[in-house]
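Student: here is the input, now give the coordinates:
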Amino acid sequence: MADSDTPDHLPGRLPDAVHRSVKPGTALLRLEMTDAREGILDGAWWPRSRDIGVELPSLISALTEHLGPVTRVGLDGSAWDDLPTRVMVDGRVVHIDSFPVGDDTVLITRGDRDHFSLMLVPPDTTLDAARAAMARAVRADNVAEAKQILIDTGSERPPAPA
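Tutor: Numbers count the residues shown, from 1 in each chain. Now for the predicted structure:
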């Protein structure tokens, strides 16, 4: 989608079907939102590595363009290399909350109470599996949790050898 094809940004609302490269060769972000926000997930993120210092600023910058300032990001600290407690992105401090609930979801907070949930596609996922998972995650009628989508599309990381 070319930038000129992107719907006008409305405060408090994600544009429909935004699909863009966050940073060439770094990550892929896909968002879809209806006014009702009935789906379980608000989007999907496919980072290219587990280096949070490289991946997170690009995600936050892209989300800020469509959502407004991001104040917090919640994710599973065990899934990332050297997770800090905050990062500076575009001159703003963004707090990072770590929780041990699995690495299949990233929670984004804008303001005090406005939360967005993104499915996290593992960096080593194949292109076809990632595309399928991301397309399913952004469907407005999606009722599957991130983990199930990743399993169904073959995007889930295989279990570690015993």
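Student: flag every buried residue along stretch 79-89.
Tutor: 79-80, 83, 87, 89 (16 or more other Cβ atoms under 10 Å). Just so you know, the C-beta spots here come from the backbone N, C-alpha and C atoms, and that holds for glycine as well.
Student: quick check: the gap between the residue nearest the centre of the chain and Met88.
Tutor: Among the residues of the chain, the one closest to the centroid is Trp45, at 3.5 Å (Cα atoms, centre = their mean). To Met88, Trp45 is 20 Å away according to Cβ to Cβ, to the nearest Å.
Student: what packs against the longest helix along the chain?
Tutor: For the chain, the helix that runs over the most residues, judged by DSSP state H, is helix 52-67. Contacts defined by 3 or more Cβ pairs under 8 Å, 6 or more residues apart in numbering; DSSP states H and E place helix 52-67 against strand 18-23, strand 27-31, strand 43-47, strand 72-75, strand 86-89, strand 92-98, strand 105-110.
Student: need those in CSV with mean pLDDT, can you?
Tutor: Listed next are the helices and strands packed on helix 52-67 as CSV, based on pLDDT from 0 to 100:
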stretch, mean pLDDT
strand 18-23, 42
strand 27-31, 63
strand 43-47, 89
strand 72-75, 92
strand 86-89, 92
strand 92-98, 92
strand 105-110, 89
